[in-house]
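>>> quick one: sequence and predicted model below, then my questions.
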Amino acid sequence: MSYYNHVLVGLDLSPESQQVVDHVKHLFEGKDKKISLVHVQEPLSFAYGGDIPMDLSEIQNQLETQAKARLEDFKGQLSEFRVDSHVIIGQPAHEMHRFARENAIDLIVVGTHGRHGLALIFGSTANGILHGATCDVLAVRIKDED
């Protein structure tokens with residue numbers, strides 16, 4: 001896998017994100033890699049569609065600050081690599097594709113729960129990333145914590 005020089009790791013910052021970071025750490029251990037940790041937040045206005053007549057920008061800023069802090073924690077766990085981190089506001093699959101194109105990404109790593117049936121039909125972020133990527137995509141199967 002020496003041809004993967006710049007790896008984008010897409011994190012949703014759920015507790016399961018640790019599994020994705022652990023996979024990346026072990027997969028590329030001892031190798032000189034650049035890793036970009038990316039978290040894409042959908043704008044609150046997308047989620048509420050203007051149904052709430054109030055300014056959500058302060059809440060959006062707080063969420064972004066929390067996301068940056070969480071990415072810094074993950075960045076510290078990957079200190080043997082060249083790591084940068086980014087919080088991007090937008091639609092996750094679209095923004096990950098854009099980031100990959102603009103930053104010469106060789107591999108995108110994301111977590112997946114491996115849903116089936118209706119959950120798959122209505123889409124998942126990992127599926128959206130896979131079906132528009134211009135580079136390889138590694139989907140890390142998230143294991144349920146029992």
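Received, thanks.

>>> which residues touch Y4?
Neighbour list for Y4: 28, 33, 106-107, 136 [criterion: Cβ atoms under 8 Å, 6 or more residues apart in numbering]. From N, CA and C alone the C-beta is placed, and that goes for glycine too.

>>> if you set the cut-off to 10 Å instead, what comes out?
Residues in contact with Y4 (Cβ atoms under 10 Å, 6 or more residues apart in numbering) are 27-28, 31, 33-34, 105-107, 109, 135-136, 138.

>>> does it count as helix, strand or coil?
Under the three-state scheme (DSSP: H, G, I helix; E, B strand; the rest coil), Y4 adopts coil.

>>> what do you get for V9?
Here V9 takes the strand state, with states given by three-state DSSP.

>>> same check on the one 10 residues further on?
Three-state secondary structure (criterion: three-state DSSP) places Q19 in helix.

>>> coming back round to it: looking at the contacts of Y4, which two lie furthest apart in space?
K31 and C135 (17.4 Å; Cβ to Cβ).

>>> which of these two has more neighbours?
C135 (16 against 12; other Cβ atoms under 10 Å).

>>> between the contacts of Y4, which is nearest F99?
Distance to F99 across the contacts of Y4 (Cβ to Cβ) is lowest for I105, with 7.1 Å.

>>> now for that closest one: which residues touch it?
Counting by Cβ under 10 Å, 6+ apart, I105 has contacts 4-8, 34, 36, 38, 96-97, 99, 133-136.

>>> buried stuff in stretch 71-90?
For stretch 71-90, a neighbour-count test (16 or more other Cβ atoms under 10 Å) marks 71, 74-75, 78, 81, 83, 85-88 as buried.

>>> ignore the last one, stretch 87-101
87-88, 91-93, 95-97, 99-100.
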